[in-house]
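A.B. asks: Below are the sequence and a predicted model; questions follow.
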Amino acid sequence: MVDMYFKQVLHEDCGCSSYILGGRLTNEVAVIDPAQDIDDVLDLVRQRGFTVRYIIDTHVHADHVSGARRLAAATGAPVCMHQSAGVLFPFQPLTGDEELTLGNVTLKVLHTPGHRPESVTLLVTNHARSEAPSMAITGDTLLVGDVGRPDFGGEQGARELWGSVQRLLALDDYVEVFPSHFEGSCGKGMCGRPSSTIGFERRFNPALQVSGVEEFVHNISSDIPARPLNMDAIIATNLGERDAGWAMPRDGYAAPEIDPRDVADWRAHTGGIVVDVREPAEYDAGHVAGATNVPQCSLADRLVDLPRDRDLLVVCRTGVRSMRCARFLVQSGHERVTNLRGGTVGWIDAGLPVEKAVSV
């Protein structure tokens with residue numbers, strides 16, 4: 001007899017993972033970090049005769065819209081988060097070391113702050129096999145090849161993250177690690193694998209090969225990736241401050257590209273606007289002459305500043321971030337959007353003029 005159900009769902013569009021797990025003794029399951037589109041979860045639950053008992057967000061997500069509240073409305077199960085989450089909608093508060101029972105499977109809640117103050121890890125024990133936990137669903141605390149970015153909490157967040165990671169590293173080597181991200185902007189060194197083990201990460205995770213907390217804090221606070229596309233609107237949505245589910249980028253949109261040396265002609269023929277979507281510090285260090293800075297994290301909130309009757313040329317460092325932004329602009333109804341191939345690096349390599357911030 002199968003004594004446990006476990007499914008990891010990989011969302012390639014945002015590099016995130018969701019989980020469905022529970023005990024077959026009662027066919028009750030928990031859905032952890034559900035994506036915005038909940039149809040596949042509902043289909044699976046119906047086909048297998050499961051009852052959704054808990055819906056758990058390991059933290060307030062910054063790069064994708066959570067489907068937790070939609071799933072709660074569809075199933076009647078509560079949304080569960082750490083008691084410090086500070087969201088503006090009803091939820092079942094979780095406390096550190098609390099246990100959630102799903103038949104013969106138990107989820108033990110560990111409060112693991114650092115990436116976010118409310119971050120939790122879930123230790124999974126299948127009592128049909130052992131009284132020791134065999135899996136850890138680590139949210140964005142411990143990733144495969146990295147740890148979660150700490151910049152949302154500053155230096156205090158980085159120090160809290162060190163303590164949280166040390167708590168996880170005290171687990172047995174065989175405990176499997178299942179994070180909420182396998183790629184994307186949540187960490188700078190993720191290897192792309194969707195799972196690992198405590199023992200492997202302890203030995204080979206570059207972020208953990210340090211002499212102590214000071215080196216750890218210094219290393220993970222340096223060269224932090226750009227804030228995610230539409231982060232401001234997505235966090236506000238996941239907090240319940242407003243409903244901007246439309247800010248989640250979707251597949252199926254495309255934008256053309258031009259080379260840096262063609263920009264002069266593009267400007268002459270279109271009278272368009274150059275939009276630099278990098279972080280302000282990147283923009284200040286040198287940008288395409290005449291470009292306006294609209295960081296990708298606030299793009300959804302700045303759509304009103306980008307007229308639909310003007311051509312837009314979107315720029316980043318190498319052309320990757322800007323292409324995602326260009327596609328989102330098309331998704332949002334901007335029809336005249338072009339991406340700069342090679343980004344600012346290509347622009348500089350072509351010997352074209354840049355502007356820098358003026359110190360005052």
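C.D. replies: Perfect, thanks for sending it.
A.B. asks: For my notes, confirm Glu160 occurs in a helix.
C.D. replies: Yes. Counting by DSSP: H, G, I helix; E, B strand; the rest coil, Glu160 falls inside a helix.
A.B. asks: wait, it sits on Gly153?
C.D. replies: Yes. Counting by CB atoms under 8 Å, Glu160 does reach Gly153; the two are 6.7 Å apart. Placement of C-beta: from N, CA and C, glycine included.
A.B. asks: just the helices in the protein please.
C.D. replies: 39-48, 68-75, 154-169, 198-204, 213-220, 231-239, 263-270, 280-285, 320-331, 343-349 (DSSP state H).
A.B. asks: quick one: which of Glu160 and Gly153 has more around it?
C.D. replies: Glu160 (21 against 18; other CB atoms under 10 Å).
A.B. asks: Spit out the contact partners of that one.
C.D. replies: Residues in contact with Glu160, defined by CB atoms under 8 Å, 6 or more residues apart in numbering, are 113-114, 117, 150, 153.
A.B. asks: any chance of these in TSV, plus distance to Asp311?
C.D. replies: Shown next, in TSV, are those (distance: CB to CB, whole Å):
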residue	distance to Asp311
Pro113	45
Gly114	43
Pro117	42
Pro150	39
Gly153	40
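A.B. asks: who wins for most neighbours among those?
C.D. replies: Gly114 (27 neighbours).
A.B. asks: Hmm, that one is touching Thr141, no?
C.D. replies: Yes. With contact defined as CB under 8 Å, Gly114 reaches Thr141; the gap is 6.3 Å.
A.B. asks: Could you tell me how far the closest residue to Gly342 other than its chain neighbours is located from Ala255?
C.D. replies: Sequence neighbours aside, Gly319 is the residue nearest to Gly342 in space, at 5.3 Å (criterion: CB to CB, 6 or more residues apart in numbering). Gly319 sits 11 Å away from Ala255, taking CB to CB, to the nearest Å as the criterion.
A.B. asks: between these two, what contacts are shared?
C.D. replies: Asn339.
A.B. asks: then stretch 102-113 to PDB, C-alphas only?
C.D. replies: C-alpha atoms of stretch 102-113 as PDB (Å, rounded to 0.1, in the frame of the first residue of the first chain):
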ATOM      1  CA  LEU A 102      -2.100  14.600   7.400                       C
ATOM      2  CA  GLY A 103      -3.000  11.000   8.300                       C
ATOM      3  CA  ASN A 104       0.300   9.200   8.700                       C
ATOM      4  CA  VAL A 105       2.300  12.200   7.500                       C
ATOM      5  CA  THR A 106       3.400  15.100   9.700                       C
ATOM      6  CA  LEU A 107       4.600  18.600   8.700                       C
ATOM      7  CA  LYS A 108       6.700  20.300  11.400                       C
ATOM      8  CA  VAL A 109       6.900  24.000  11.000                       C
ATOM      9  CA  LEU A 110      10.300  25.600  11.500                       C
ATOM     10  CA  HIS A 111      10.500  29.400  11.600                       C
ATOM     11  CA  THR A 112      13.500  30.200   9.300                       C
ATOM     12  CA  PRO A 113      13.600  34.000   8.800                       C
END
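A.B. asks: what's the overlap in contacts for Gly114 and Thr141?
C.D. replies: By CB under 8 Å, 6+ apart, the residues touching both Gly114 and Thr141 are 147-148, 161, 164-165.
A.B. asks: Which one of those is nearest to His269?
C.D. replies: Each of those was scored against His269 by CB to CB, and Gly148 proved nearest at 45.2 Å.
A.B. asks: Quick check: the gap between the closest residue in space to that closest one that isn't next to it in sequence and Ala35.
C.D. replies: Nearest residue to Gly148, sequence neighbours excluded (CB to CB, 6+ apart): His115, at 3.2 Å. Distance of His115 to Ala35, given as CB to CB: 19 Å.
A.B. asks: So for those two, which sits in the more crowded spot?
C.D. replies: His115 (31 against 23).
A.B. asks: And the pLDDT for that one?
C.D. replies: His115 carries a pLDDT value of 94.
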